[in-house]
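Asker: Test case, fold it:
(one chain, ligands or ions: 2)
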Amino acid sequence: MTQYSRVSGSVGLITLKNPPVNQLSAVVRHGIVDTVQKALSDPKVKSVVICGQNGMFCGGADIKEFQTLANMRGPPLIPMIHSIEAADKPVVAAIEGGAFGGGLELALGCHYRIAHSKAKVGLPEVTLGLLPAAGGSQRLPRLIGVPAALSLITTGRHITAAEALQLGLVDQVADHNTVDAAVKFALSVAGQSLDARRISNFQCPPVPNMDALFEDVMQKVRTTARGAIAPIACVQAVRAAATLPYTQGMQREKELMATLFTSGQARALQYCFFAQRVVGRWSMPSGARWDTSKGRPIHKAAVIGLGTMGRGITVALAQTGLSVVAVETQEKQFMEAKKAVSNMLERGAKRSGKPLAHGKITYSQSLQAVADVDLVIEAVFEDMGLKKKVFQQLSAVCKPGTFLCTNTSTLDVDELASQTHQPELVVGMHFFAPAHIMKLLEVVYGPRSSPELVAVVMELGKKMGKVSVAVGNCRGFVGNRMLKPYRDQAYFLLEEGATPQLIDQALEEFGFAMGAFKVSDLSGLDVGWKVRKEEGLVQPGGGSGKSARIRNGVRYSPLGDLMCEQGRFGQKTGRGWYQYDKPGSRDARPDPWMHSFLEEYRARHGLVARRISNQEVLERCLYAMINEGFRVLEDGIAAGPEDIDIIYVFGYGWPRHRGGPMFYANMVGLEIVLERLEHYAQANPDMPTLQPCSLLRKLVASGSPPVNKWKEVIKNVRSQL
Ligand SMILES: CCCCCCCCCCCCCC(=O)CC(=O)SCCNC(=O)CCNC(=O)[C@H](O)C(C)(C)COP(=O)(O)OP(=O)(O)OC[C@H]1O[C@@H](n2cnc3c(N)ncnc32)[C@H](O)[C@@H]1OP(=O)(O)O
Ligand SMILES: NC(=O)C1=CN([C@@H]2O[C@H](COP(=O)(O)OP(=O)(O)OC[C@H]3O[C@@H](n4cnc5c(N)ncnc54)[C@H](O)[C@@H]3O)[C@@H](O)[C@H]2O)C=CC1
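Answerer: Numbers count the residues shown, from 1 in each chain. Ligands and ions are numbered 1, 2, ... in the order given. Take a look at the predicted model:
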């Protein structure tokens, strides 16, 4: 809806009213068209101000309307914005909160823009698989120049009012009431010529060597896009702005948008937008929920163990403004950690322009130092015996009511909880490395965890800038549990004839940031080796005879164990599935040694190498992972497919434009995933992870409903268990 009034005698004030973000739904577009018409035809009105209610100018088009073209009734945006620009009375946009996407495009159609100092603006369409197609791709480069417009449009980043002022995107920044400032400004410009204020009449500011600039940007965008098409279309649209007259540029913008609008990538990215918000509305099997569970404030936190993870967690906590007690028992690690944390904080402050959070951290080598904290995050070695001891000590040392959290990546959170006096005050906080940078936080609740604690930790995650997902307790939780069958298939494919490069290339072409073997080299092969040794799976020399490739009755590949026996731990040793210039180097190169290693291995086990296609790599690795995802849903470990997808997009480098593994399965077609799993399971009876799980069968039997309807079927499946 839109409200209209006349203020200060001669200013028509149009207020967009559409909670939560004054998105441009059909009813709002109607309102704008009607009220603009009213203002322009009223002789008493000499100028117009457009603003939004509740401190938000406009969050852009209503993304929910994009789901079907049929939803998109009502006046189209482009002619609406043109009629504002063509008006013979000055129109001023009063931007509070933010102007995003279509909201900024509306403001660019106005003759002047005044923003509050705390407001942000941006064209984030690319993050939704689109481009700014209400004239934004044509007006922005004309106003602020091609390089700046390319940077904003291809990344979708939000900028501050100060940056917008510097770029010439807004005309004035107000510190107090922006609408009052805009009204005052509108009074002052009434009657002035608007010829120089209509951006569509501008020429793009000239750029030296334009072809080279576009080639360079296109090259960079292709590399970072990992197969996403929207960033490329954004470059093409800006190029049209730079090289064509406005009307032809608009035609090009429309053609490019038509391709993007109905693409699977746009559907996937818009699904991710809403999924990210869905996971914030967490629930537990007990019925406890985000809106009925209240946390309590945390003033002081502690981190135990200042290795790789503890250092990053300390930084992430300190950056929220909390007081942090950081505990490390080993002298060498203690000294190194202090230095490393301080460097990380300095780099973070430089990047964000915010003040250093140094003073908030106190270091100690004794657990006694955490006696008065409100929340502890344990990050010692992944060793159940050690962690149990630490939890017993914490339970004795901390004041009653202290929340105790573990950063374990696989261990049983409930077993740790049972070491304490108050097991309901224990959860997992599974960060990802580097913990101060990576966006994902898996919040792992056990059967006894209190909803109050889950609420506290979800809120704390948000403060740290994380996307937090609440999940149940099982081995590997959601992310690492689903990763295991994916990795296993990658190893089996090596045995059957593939190379690490072939598998990684297929996965990277699919859009993963890194293939399975490059990730393994990065995180260190020895980590998994240690776990497998503890589980009794490792045999010297990989074992011999028929049983060498079988453990507990199912197929097992000892390839990773053999690599570790040879000291090939990955990047840290300069040798792994790839070779590196020196230990610690990141530039992975194929290693000819691998060829003879695999040939010998296959000969020893009577395996004949066959040609493995990219399709087989993707189907076996991804469908095995997806199948496990269905099991996770069936077991109630994740509340819905959105939780799994967000975990994979934010924690495991899954390409966002493919929406996450469960959304991807839905896009491929559940019946196809089922059929291919059946095919591979039949060919490999010793790989039970390829046996389609009953939820997948049930979904297919229910007519393969879209992903947002799965919860109904899951509820039925769970109630029958
Ligand atoms: C053959 C076919 C040819 C087809 C051709 C078709 C041509 C069509 C031409 C149309 C051209 C239109 C071009 C256009 O206008 C494009 C756009 O504008 S796309 C939208 C761009 N805007 C955004 O991406 C902004 C999205 N929102 C945000 O980033 C944040 O919400 C925001 C920074 C605004 C506020 O953040 P915060 O305070 O943290 O709140 P939340 O994020 O939690 O959001 C609160 C609430 O609001 C919902 N919401 C937010 N934005 C929108 C939106 N734009 N539309 C709908 N709903 C929105 C959000 O989902 C939350 O609600 P939940 O219930 O929690 O989900
Ligand atoms: N490294 C990774 O990528 C990830 C690790 N994790 C988990 O985080 C935890 C820590 O892992 P990393 O940081 O990699 O280990 P790390 O080996 O780098 O650091 C562990 C630190 O704990 C210290 N420590 C051991 N006992 C202690 C005690 N009683 N009191 C205080 N400090 C003690 C050690 O001296 C060492 O500095 C593990 O549970 C691991 O599974 C979780 C996600 C990712």
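Asker: who are the neighbours in contact with Val33?
Answerer: Each residue near Val33 by CB atoms under 8 Å, 6 or more residues apart in numbering is listed here: Pro75, Met80, Ser83. In this view, the C-beta of every residue, glycine as well, is placed from N, C-alpha and C.
Asker: any idea which of the residues you listed is the one closest to Ala93?
Answerer: Lowest distance from Ala93 to those (CB to CB) belongs to Met80, with 13.7 Å.
Asker: how about the residues of the stretch 501-650 of the chain that lie near ligand 2?
Answerer: Residues of the stretch 501-650 of the chain lying close to ligand 2 (CB under 6 Å from any ligand atom) are Ser523.
Asker: So which of the contacts of Val33 is the closest to Arg568?
Answerer: Met80 (62.5 Å).
Asker: In helices only, show me the contacts of Val33.
Answerer: Met80, Ser83 (DSSP state H).
Asker: Drop the exposed ones from the contacts of Val33 and show what's left.
Answerer: Among these, those classed as buried by 16 or more other CB atoms under 10 Å are Pro75, Met80, Ser83.
Asker: So the first one versus Leu24, what's the distance?
Answerer: Here the criterion is CB to CB, to the nearest Å. By it, Pro75 lies 10 Å from Leu24.
Asker: Pull up the overlap in contacts between those two.
Answerer: By CB under 8 Å, 6+ apart, the residues touching both Pro75 and Leu24 are Ile32.
Asker: pretty sure Ser283 contacts Ala638?
Answerer: No: counting by CB atoms under 8 Å, Ala638 is not a contact partner of Ser283; they are 11.1 Å apart.
Asker: Between those two, point out the one with more neighbours.
Answerer: More crowded of Ser283 and Ala638, by other CB atoms under 10 Å: Ala638, with 28 against 17.
Asker: name the element the more buried one belongs to?
Answerer: Using DSSP states H and E, Ala638 is not contained in any helix or strand.
Asker: Quick check: which helices or strands does the lowest-mean-pLDDT helix or strand in the chain pack against?
Answerer: None of the helices or strands of the chain scores lower by mean pLDDT, DSSP states H and E than helix 710-720, at a mean of 80. Helices and strands touching helix 710-720, by 3 or more CB pairs under 8 Å, 6 or more residues apart in numbering; DSSP states H and E, are helix 614-634, helix 694-701.
Asker: Can you check which of those gets nearest to ligand 1?
Answerer: Closest approach to ligand 1 among the helices and strands packed on helix 710-720 (CB to the nearest ligand atom): helix 614-634, 21.1 Å.
Asker: anything in the very next helix or strand once past the closest one near ligand 1?
Answerer: Of the helices and strands lying after helix 614-634 in sequence (DSSP H and E), the nearest is helix 641-651. No: Helix 641-651 stays clear of ligand 1 (CB under 6 Å from any ligand atom), getting no nearer than 11.0 Å.
Asker: quick one: average pLDDT of the helix or strand just after helix 641-651?
Answerer: Moving toward the C-terminus from helix 641-651, the next helix or strand (DSSP H and E) is helix 661-668. Throughout helix 661-668, pLDDT has a mean value of 98.
Asker: about what we covered before: dump the buried ones among the contacts of Val33 to a markdown table, plus distance to Gly574 and pLDDT.
Answerer: As requested, the buried ones among the contacts of Val33 are exported to a markdown table (distance: CB to CB, whole Å; pLDDT from 0 to 100):
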| residue | distance to Gly574 | pLDDT |
| --- | --- | --- |
| Pro75 | 63 | 93 |
| Met80 | 61 | 97 |
| Ser83 | 65 | 97 |
